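[1] Provide a 3D model corresponding to the input given below.
(chains A, B, C and D)
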Protein chains: 2
Amino acid sequence: MLLQNRPGDTVTAAHDRLYRALRQQVMHGELAPGQPLTLRGLAKTFGVSMTPAREAVRRLAAEGALTISSSGRVTTPELSNERIEEMASIRALLEPELASRALPRAHFALIERLQAINAANAEAVAKQDAVAYIRTNLEFHRTLYLRAQAPAMLAIAETVWLQLGPTMRALYGRLRRNEPPQHHRMILAALKAGDEPGLRLAIRTDVTQGLRHLTS
Amino acid sequence: MLLQNRPGDTVTAAHDRLYRALRQQVMHGELAPGQPLTLRGLAKTFGVSMTPAREAVRRLAAEGALTISSSGRVTTPELSNERIEEMASIRALLEPELASRALPRAHFALIERLQAINAANAEAVAKQDAVAYIRTNLEFHRTLYLRAQAPAMLAIAETVWLQLGPTMRALYGRLRRNEPPQHHRMILAALKAGDEPGLRLAIRTDVTQGLRHLTS
DNA sequence: GCGGGTGATTTGTGATCACATTTACCAATG
DNA sequence: CATTGGTAAATGTGATCACAAATCACCCGC
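    Numbering: from 1, shown residues only, chains lettered A, B, ... in the order given. Sure thing, here's the model as predicted:
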């Protein structure tokens, strides 16, 4: 991962580089739930001082990507079962709407790209690569929802994914799944058919099913 | 407003005091859209140094309560009509769900409190006090949704209110409305009757109607 | 009157330091 | 062996400073 500005790069603020790198790590499940982080540690890792590290951490904490204890300690979030179920409800509420809005704009080129992402996802399953699985899974959804032309709604969905990142890692790392997501095929079929109710149902089922296993 | 810790107070971090004070100002429409803020100005106003001011601003920017330009300048957000409509859609999606979940737990004491808040709201209308109008209006919704036992969903709804704060100020300051919100009475009636579809519709209408006027 | 350029001021960014609190470690004691 | 006590290390917080970039104000020339 590129962390330093190099000559010719557009200069990005240090706090922003740190924010983006950490955000991706959290969202893709590269950090376990409850993982402690320190400002000095992050600063040293990224070759900056504590100041930009603090700003990045505050920003991520505001998005729910990190938790700050009453004494100021920073960790990745450990979600209760209730919270996980609530997050699943939110996904089940937002994402069918995003998919519906994307449906009239989903032409063949988009479906083709979704199929390619799905193939990469299946490959991640075969390799038992949890991080790649989560990444391609989210990429599948984001690619579709980008067509919805609803940036604020998509941003909310992404903060939900963020908060679920570490938990998803724990989930998919635990139950070594061997089957690629069957619901993605249903989503693709509904997209091709222009079937809005079917699409909503397929999305709802897809986002709900994975989390159910963890709350048992 | 109390901004300094006094002996006997539980010590709250400076950045957190500043965050809460600013957040309330933005959410309640005390700041106009596009209002510029400076780190040194905020720090001086709150009697602290730039460091906690920066942290509070980053946090608020992450929630969409403030906008940071490419050069780092901080302002309250100026929403496009498209963005306002999207925000209304999000409210129309989330808030009926929150109300539905609150419905089975809405006993008489809650309805009584809602009526009291509604009376304060009507008073704000009579006094042409836009800030008090927005504050009591949001308090009405938050009091109901708190019963939904869905903290993450409520938090998302609040970030939407936050982003709309300055715009609501501009809206309600412009069209000097003389009538108290008639939809709140429908909401209360549906609550008393235990009528879930009616409640969902009343909420949806209430959150949608106000914003429609701005996008014309 | 009006546009462009130049210097002064304002402003955000990042580093460093001092301080208070929390946490971790380890030994002494029961 | 578990528990308690104290000491040392680690950690977050806030202030201050230096720096660069952006912005603003003023003035000159047209």
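[2] which one's the longest helix in chain A?
    Ranked by number of residues, the top helix in chain A under DSSP state H is helix A:151-174.
[3] which elements pack onto the following helix or strand past it?
    Counting by DSSP states H and E, the next helix or strand C-terminal to helix A:151-174 is helix A:182-193. Helix A:182-193 is packed against helix A:108-126, helix A:130-146, helix A:196-212, with contacts defined by 3 or more CB pairs under 8 Å, 6 or more residues apart in numbering or on different chains; DSSP states H and E. (Each C-beta comes from the backbone N, C-alpha and C, glycine too.)
[4] can you rerun that using 10 Å?
    Applying 3 or more CB pairs under 10 Å, 6 or more residues apart in numbering or on different chains; DSSP states H and E, we find helix A:182-193 packed against helix A:81-102, helix A:108-126, helix A:130-146, helix A:196-212.
[5] ok, and the closest non-adjacent residue to A:V74?
    In space, A:V74 comes closest to A:L37 once its chain neighbours are excluded; the distance is 4.6 Å by CB to CB, 6 or more residues apart in numbering or on different chains.
[6] near DNA strand C, which residues of chain A?
    A:13-16, A:43, A:48-52, A:55, A:69, A:71, A:73 (CB under 7 Å from any atom of the strand).
[7] nearest to DNA strand D, out of the helices and strands packed on helix A:182-193?
    helix A:81-102 (22.8 Å; CB to the nearest atom of the strand).
[8] what angle do that closest one and helix B:81-102 make?
    140 degrees (axes from the mean of the first three to the mean of the last three CA atoms, to 10 degrees).
[9] same question for helix A:81-102, mean pLDDT?
    For helix A:81-102, the mean per-residue pLDDT is 96.
[10] buried stuff in it?
    Within helix A:81-102, the residues that qualify as buried are A:83-99, A:101-102, counting by 16 or more other CB atoms under 10 Å in any protein chain shown.
[11] what helix or strand is A:V57 located in?
    In the assignment (DSSP H and E), A:V57 maps to helix A:50-62.
[12] same question for A:V11.
    Counting by DSSP H and E, A:V11 is part of no helix or strand.
[13] what's the burial count for it?
    6 (other CB atoms under 10 Å in any protein chain shown).
[14] which pLDDT value goes with A:M168?
    pLDDT for A:M168: 90.
[15] just checking, what packs against the helix or strand bottoming out on mean pLDDT in chain A?
    In chain A, no helix or strand scores lower on mean pLDDT, DSSP states H and E than helix A:196-212, which sits at a mean of 90. Packing contacts for helix A:196-212, counted by 3+ CB pairs under 10 Å, 6+ apart, involve helix A:81-102, helix A:130-146, helix A:151-174, helix A:182-193.
[16] how about the ones you listed in a markdown table, adding distance to A:R20?
    Shown next, in a markdown table, are these (distance: least, CB to CB, whole Å):
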| stretch | distance to A:R20 |
| --- | --- |
| helix A:81-102 | 23 |
| helix A:130-146 | 15 |
| helix A:151-174 | 12 |
| helix A:182-193 | 27 |
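[17] contact partners for the closest residue to A:R59 other than its chain neighbours?
    Excluding the flanking residues, the one nearest A:R59 by CB to CB, 6+ apart is B:A62, at 4.4 Å. Listed by CB atoms under 10 Å, 6 or more residues apart in numbering or on different chains, the contact partners of B:A62 are A:Y19, A:R58, A:R59, A:L60, A:A61, A:A62, A:E63, A:G64, A:A65, A:T159, B:I68, B:T159.
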